[in-house]
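J.: the sequence and its predicted three-dimensional model are supplied below.
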Amino acid sequence: MRLISMIIPAAGVGKRMDSPGSKQFMLLADKPVLMHTLEFFHRFDSEMPIIVALSEEGIVEWKRIMKEFNCSIPHQAILGGKERYDSVKAALKVVPESEFIGVHDAVRPFVNEKTFQSCIDLAVAQGSAVPVSHLPNSLRMVREGGSKAVNREHFRQVHTPQIFRSEWLKAAYQQAYQSRFFDDATLVEQAGFPIFLADNNQENIKITSKLDWEWSEYYLSKRKKE
């Protein structure tokens, strides 16, 4: 049995970019964002199965993009759903048999090998792995009538790739969808399984805003010069 398979939900349409089309298909340094993400996992392990969940329109667009950019990275494109939950659940029905399943955001093209390997090692040892980072700013909890300062050391920002034992993730997705299921770790925890945290690389951002996009272009241009 293979160690790990990856699921990349990519059926969503980002609204904060204020631009036509889906951000996963937008060109970043002359290449679609989703292609950057695929290339990372293929470089890491060319034999690792990758499932990409797309919208109906996205499948058509992605086929056109792959032909235009001569993309030959092995992966399976499937029909996702309206919510991220729906896309991952659809992918779980076709994912190859593996000990572990990872889920990674399509628009996080800058995860590095150290973070991914750390997540794999932790998941193998403990059953789950979620990359997190410290919060750089002070926090206040908003409540009726005002707000209250909270200790930021008690909180972490959550990222992907998130990796779980296959049976844990599949069991978690037997639960009905709830709007409070923000990520896969939330579902797995709700299903009664423990969540373990790994360190995230600072560059592993999710591209959701124009500022994220501008930083990504700068980061790639700087990395190309190094």
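T.: Arrived safely. These figures come from a predicted structure and were not determined experimentally.

J.: surely Lys170 meets Lys93?
T.: No: the pair formed by Lys170 and Lys93 falls short of the contact definition of CB atoms under 8 Å, at 9.6 Å. Every residue, glycine included, has its C-beta placed from N, CA and C.

J.: neighbour count: these two, which is higher?
T.: Ranked by neighbour count (other CB atoms under 10 Å), Lys170 and Lys93 place Lys170 first, with 16 against 10.

J.: leaving out chain neighbours, which residue sits closest to that one?
T.: Sequence neighbours aside, Leu92 is the residue nearest to Lys170 in space, at 5.8 Å (criterion: CB to CB, 6 or more residues apart in numbering).

J.: quick check: phi and psi at the one you found.
T.: For Leu92, the backbone dihedrals are phi -60, psi -20 (criterion: degrees, to the nearest 10).

J.: so it sits right up against Trp168, yeah?
T.: No: taking contact to mean CB under 8 Å, the distance of 11.5 Å between Leu92 and Trp168 leaves them out of contact.

J.: next, the distance between the ends of stretch 42-58.
T.: Stretch 42-58 has its terminal residues 21 Å apart, counting by CA to CA, to the nearest Å.

J.: neighbouring contacts of that stretch?
T.: Stretch 42-58 is contacted by residues 2, 4-11, 13, 22, 24-25, 34, 38, 41, 62, 73-81, 87-88, 90-91, 94-96, 98, 106, 113, 116 when judged by CB atoms under 8 Å, 6 or more residues apart in numbering.

J.: what about Ile65, how many residues nearby?
T.: For Ile65, the count of nearby residues is 18 (other CB under 10 Å).

J.: equivalent analysis for Ser55, please.
T.: Using other CB under 10 Å, Ser55 has 19 other residues around it.

J.: where does it sit relative to Ser22, distance-wise?
T.: For Ser55, the distance to Ser22 under the criterion CB to CB, to the nearest Å works out to 8 Å.

J.: and Gln162, by the same measure?
T.: Computed with CB to CB, the distance linking Gln162 and Ser22 is 22 Å.

J.: now swap in Lys63 and tell me
T.: Applying CB to CB, the value for Lys63 to Ser22 is 14 Å.

J.: for these two, indicate the residue with more neighbours.
T.: Ser22 (24 against 12).

J.: who's in contact with that one?
T.: By CB under 8 Å, 6+ apart, the neighbours of Ser22 are Ala10, Gly12, Val13, Gly14, Ser55, Gly58, Glu61.

J.: confidence score at it?
T.: With respect to pLDDT, Ser22 scores 86.

J.: end to end, how far does stretch 137-146 reach?
T.: End-to-end distance for stretch 137-146: 19 Å, by CA to CA.

J.: ah, wrong one, I meant stretch 48-61
T.: End-to-end distance of stretch 48-61 (CA to CA): 24 Å.
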